[in-house]
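# Structure, please.
(one chain, ligands or ions: 1)
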Amino acid sequence: MTNQQKLEDLKSLILKNNICPELANGATQMVFGSGFEDSKVVFIGEAPGKNEDLQGEPFVGAAGKFLNEMLDSANLKREDVYITNIVKYRPPNNRDPLPEEKKQFWPYLLKQIEIIKPKVVVTLGRHSGQAFLPSLRISADHGSPRNIRENYTDKITGKLVELKFTILPLYHPAAALYNGGLRQTLVEDFQVVRKLIK
Ligand code: URA
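Residues are numbered from 1 along each chain as shown. Here you go, the predicted model:
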């Protein structure tokens, strides 16, 4: 089975298991993830916004345009990387996802990572970073890679799985839209992504 098929099955499982029905009911569709299913790098945002909800793809709005620019600056193409979010449905009025919502999607996100087997997982923003590194301080820790292990119970097989990968916490691209000073920081941190996957 290809990774693409495995990811399709995982998406169906989220629907079958009725994850976060309150969010699902208020959303246009699920934003599961997109890009290259065998990529060495997976980018993880927080949750879809309005444009993402309408188009069914992560990072297609203003933050997404900026993410594309950052990828370009590191000589990476969007079709060579995989992009997803912790929470797969748009929260109402773009509010922050609740801890319970993140918790419900967590094993499915880890399964996504297990299928793709990236070398590097890039978290975009404090919320996504703290899901993997609870003590993360984005201002101090951005751009510094760390090797981590994550244990989770596979929802299909019921087995305990251990994942190992390098995590690279970055600022959220939307943060640089509001704070121009962060733009250069992100450009520099994207060079770290490039080096890590070389
Ligand atoms: N912000 C996110 O965290 N994810 C998206 O998909 C879009 C904006």
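
# What residues does the chain have near the ligand?
Proximity of the chain to the ligand is confined to 45, 46, 47, 48, 49, 52, 58, 59, 61, 63, 85 under the rule C-beta under 6 Å from any ligand atom. (Each C-beta comes from the backbone N, C-alpha and C, glycine too.)

# Can you list which of these are found in helices?
When DSSP state H is applied, the residues of the chain next to the ligand are split such that 52, 63 fall in helices.

# Reformat the residues of the chain next to the ligand as CSV; add distance to residue 75, pLDDT and neighbour count.
Compiled in CSV, these are given as follows (distance: C-beta to C-beta, whole Å; pLDDT from 0 to 100; neighbours: other C-beta atoms under 10 Å):
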residue, distance to residue 75, pLDDT, neighbour count
45, 21, 98, 27
46, 26, 97, 22
47, 28, 98, 26
48, 27, 98, 31
49, 27, 97, 22
52, 25, 98, 24
58, 21, 98, 28
59, 18, 98, 27
61, 24, 95, 19
63, 21, 95, 22
85, 24, 98, 25
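
# Let's have the residues of the chain next to the ligand in JSON lines, adding distance to residue 150.
As requested, the residues of the chain next to the ligand are arranged in JSON lines below (distance: C-beta to C-beta, whole Å):
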{"residue": "45", "distance to residue 150": "18"}
{"residue": "46", "distance to residue 150": "18"}
{"residue": "47", "distance to residue 150": "20"}
{"residue": "48", "distance to residue 150": "23"}
{"residue": "49", "distance to residue 150": "26"}
{"residue": "52", "distance to residue 150": "25"}
{"residue": "58", "distance to residue 150": "21"}
{"residue": "59", "distance to residue 150": "23"}
{"residue": "61", "distance to residue 150": "29"}
{"residue": "63", "distance to residue 150": "25"}
{"residue": "85", "distance to residue 150": "17"}
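
# Before I go, just wanted to say thanks for your time.
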